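Chemist: sharing a sequence plus its predicted fold:
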Amino acid sequence: MNVPPEIRDSPRRFVEKHIQRYLDSNGTDTLWHGVPSLLITTLGRKSGMKRRTGLIYREYQDGYIVIASQGGEPSHPSWFRNVQANGFVELQVGPEVFDAEVTVTSGAQREELWNLMVDMWPEFEAYQARTERRIPVLLLRRKPT
């Protein structure tokens, strides 16, 4: 799988452009060509303001698998730390926007979901090799209304 060069050149700018394209197209056009992506919105743990980012995902049973990789950086991504702090998550998957519950997986479930994501986006293995932290694997499920 080819990682778009924009990610390596300017990850922050790539994410901004990706989010804008996602919003403008109602999730039908993204910069992650050929890989499904969603938008996750969290509440900033310090600011209390909504923060949005784009993530690669894979459908799994009644939810979505996402990886808190941050490209293999030594610390967890801000969006993951926000989830840990307050638990609020809103997802946009295509045109649909909804609140979600988060499970940070562990053990056999984590390994199964990690392998499913690596099969789809092999770069996750390289991200894990770059860091000593164990990259979190999350399962997001729509909150009952």
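Modeler: Good, I have the coordinates.
Chemist: so where do the helices sit in this protein?
Modeler: Ranges of helices within the chain are 5-9, 11-24, 78-86, 107-120, 123-130, based on DSSP state H.
Chemist: can I get these in a markdown table with mean neighbour count and distance to residue 144?
Modeler: No exception for glycine: its C-beta is placed from N, CA and C like everyone else's. A markdown table is the format used below for those (neighbours: other C-beta atoms under 10 Å; distance: least, C-beta to C-beta, whole Å):
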| stretch | mean neighbour count | distance to residue 144 |
| --- | --- | --- |
| helix 5-9 | 12 | 35 |
| helix 11-24 | 15 | 26 |
| helix 78-86 | 18 | 19 |
| helix 107-120 | 14 | 21 |
| helix 123-130 | 15 | 30 |
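Chemist: count the neighbours of residue 61 for me.
Modeler: Neighbour count of residue 61, defined by other C-beta atoms under 10 Å: 8.
Chemist: and if you look at residue 95?
Modeler: Neighbours around residue 95, by other C-beta under 10 Å: 9.
Chemist: ok so, going back, which one, of the helices of the chain, ends up nearest to residue 100?
Modeler: helix 78-86 (9.9 Å; C-beta to C-beta).
Chemist: show me what the closest one is packed against.
Modeler: Under the contact definition 3 or more C-beta pairs under 8 Å, 6 or more residues apart in numbering; DSSP states H and E, helix 78-86 sits against strand 37-43, strand 50-56.
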